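J.: Show me how the following folds:
(one chain, ligands or ions: 1)
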Amino acid sequence: MSTTLSLTRPDDWHLHLRDGDALRAVLPHSARQFARAIVMPNLRPPVTTTALALDYRRRILDARPHEGPGADFQPLMTLYLTDRTPPDEMRRAREAGIVALKLYPAGATTNSDAGVTDLRKTYATLEAMQREGLLLLVHGEVTDADIDLFDREAVFIERVMQPLRRDFPELKVVFEHLTTREGAQYVQAADRYTAATLTPQHLLYNRNAIFLNGLQPHLYCLPVLKGEEHRRALVQAAVSGHPRFFLGTDSAPHAAALKEQAGGHAGCYSALSALELYAEVFDAAGALDKLEAFASFHGADFYGLPRNRGTVTLKREPWQLPQTVPFGEATLKPLRGGETLAWRVVQ
Ligand SMILES: [Zn+2]
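T.: As a prediction, the model looks like this:
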């Protein structure tokens, strides 16, 4: 049984970094492990223009460690797609190095009230994105109150993904934080313009975990964890070596108090130990040899970006993840906080 594993430096293709003190608190955790990350634009107010994204990028660069691991971390910027995003902004965005737009169906998750109410309103913009080579990253759930929470991803495939693929066949689309067997099958069967990210929590846990030993608010995220058959399908997709499944943590920091109150916020904070958690998943599936492509190659290849140079090394060495970490004036409870992890990033 191997005890160390060296990988080409990986990237996180779905990350929430927040802003201000929160940004400064969490950024080093991601930068320690990942060379680059796709940074989500759901700030308040949302990052809807190239100018806002470039300002945000500057604040992220300023929050990097000044030396040592993470000093060269590169944020990959995204814009928040709204009903009113102008098509002519797409060229400016591409010229400024922005790589993607994020589609949040209005009301789907944290800070998504500015999201898209009807995809048809964005068609001219999607056309411009397809032309400019910008990717569309989707939160793949419908938000209709009459659709059961656990069925919203499958219904999204029918109602949104299928028409979208038909109408924009060469727009690259990433189905973010996939949670269901239906989603995995859909992406497997799709053409080379459709990919998906998988989070550590959806690979490690099923929905029982949310209710085990009382309500577990730190396992509440959106899209919500699904049943065991879905988790297994996601693990299978992750370890299959299929080039259109790749790492995206959806690490989403919220102050612990805001998650533990009534109406607690959705989101798991996995950035502290993301790569270690994925290693555990691949190890359990007997597929450690597939981890590097999933973490370090498939995403870059799909985005059309160069693969990273340099390596990161994981060691099979039990260690205890801190229960909490500072988060500005508040504290953050990481996914698996206080528990023992089997793998550790050592360099
Ligand atoms: Zn997210």
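J.: going forward, measure contacts and count neighbours with C-alpha atoms only.
T.: Noted.
J.: SS state for residue 343?
T.: Three-state call for residue 343 (DSSP: H, G, I helix; E, B strand; the rest coil): strand.
J.: what about the closest residue to it other than its chain neighbours, how many neighbours?
T.: Sequence neighbours aside, residue 316 is the residue nearest to residue 343 in space, at 4.5 Å (criterion: C-alpha to C-alpha, 6 or more residues apart in numbering). Counted with other C-alpha atoms under 10 Å, residues neighbouring residue 316 total 19.
J.: Let me know the helix or strand that residue 316 is in.
T.: Assessed by DSSP states H and E, residue 316 sits inside strand 311-320.
J.: Remind me what the helix or strand following that strand packs against, helices and strands.
T.: Counting by DSSP H and E, the next helix or strand C-terminal to strand 311-320 is strand 325-327. Counting by 3 or more C-alpha pairs under 8 Å, 6 or more residues apart in numbering; DSSP states H and E, the packing neighbours recorded for strand 325-327 are helix 20-33, strand 330-332.
J.: just these: most buried one?
T.: Mean neighbours per residue, mean count of other C-alpha atoms under 10 Å, is largest over the helices and strands packed on strand 325-327 for helix 20-33, with a mean of 21.
J.: What is the helix or strand immediately after that one in the chain packed up against?
T.: Beyond helix 20-33 on the C-terminal side, the first helix or strand identified by DSSP H and E is strand 36-39. Applying 3+ C-alpha pairs under 8 Å, 6+ apart, one finds that strand 36-39 contacts strand 11-15, strand 74-80.
J.: In CSV, list the ones you listed along with mean neighbour count, mean pLDDT and distance to residue 65.
T.: As requested, these are exported to CSV (neighbours: other C-alpha atoms under 10 Å; pLDDT from 0 to 100; distance: least, C-alpha to C-alpha, whole Å):
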stretch, mean neighbour count, mean pLDDT, distance to residue 65
strand 11-15, 27, 98, 17
strand 74-80, 23, 98, 12
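J.: possible to save the ones you listed as a markdown table with distance to residue 287?
T.: Shown next, in a markdown table, are the helices and strands packed on strand 36-39 (distance: least, C-alpha to C-alpha, whole Å):
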| stretch | distance to residue 287 |
| --- | --- |
| strand 11-15 | 19 |
| strand 74-80 | 29 |
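J.: and of these, who's closest to residue 210?
T.: Among the helices and strands packed on strand 36-39, the nearest to residue 210 by C-alpha to C-alpha is strand 11-15 (22.1 Å).
J.: re earlier: please determine how far the residue nearest to residue 343 is located from residue 334.
T.: Distance of residue 316 to residue 334, computed by C-alpha to C-alpha, to the nearest Å: 20 Å.
J.: And residue 245, by the same measure?
T.: Look at residue 245 and residue 334: by C-alpha to C-alpha, they are 24 Å apart.
J.: More neighbours: the two, which one.
T.: residue 245 (29 against 24).
J.: Which residue ranges of the stretch 201-347 of the chain form helices?
T.: Under the criterion DSSP state H, counting those that start in this stretch, the stretch 201-347 of the chain contains helices at 228-239, 256-260, 274-284, 291-292, 298-303.
J.: could these go into a markdown table alongside mean pLDDT, mean neighbour count and distance to residue 201?
T.: Listed next are these as a markdown table, based on pLDDT from 0 to 100; neighbours: other C-alpha atoms under 10 Å; distance: least, C-alpha to C-alpha, whole Å:
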| stretch | mean pLDDT | mean neighbour count | distance to residue 201 |
| --- | --- | --- | --- |
| helix 228-239 | 98 | 21 | 9 |
| helix 256-260 | 96 | 17 | 16 |
| helix 274-284 | 98 | 22 | 9 |
| helix 291-292 | 98 | 22 | 16 |
| helix 298-303 | 98 | 20 | 19 |
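J.: The ones you listed: which one's closest to residue 99?
T.: Here helix 298-303 is closest among those (C-alpha to C-alpha), at 8.1 Å.
J.: Does anything pack onto that closest one? Which helices or strands?
T.: Packing partners of helix 298-303 (3+ C-alpha pairs under 8 Å, 6+ apart): strand 11-15, strand 245-247.
J.: Let's have the ones you listed in JSON lines, adding distance to residue 131.
T.: As requested, those are exported to JSON lines (distance: least, C-alpha to C-alpha, whole Å):
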{"stretch": "strand 11-15", "distance to residue 131": "22"}
{"stretch": "strand 245-247", "distance to residue 131": "24"}
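J.: Show me what stretch 27-42 is in contact with.
T.: With C-alpha atoms under 8 Å, 6 or more residues apart in numbering as the test, stretch 27-42 has contacts from 9-17, 47-48, 53, 60, 63-65, 69-80, 102, 110-112, 271-273, 275, 308, 312, 345.
J.: Stretch 148-158 too?
T.: Residues outside stretch 148-158 that contact it (C-alpha under 8 Å, 6+ apart): 140-143, 179-180, 182-183, 186, 224, 226.
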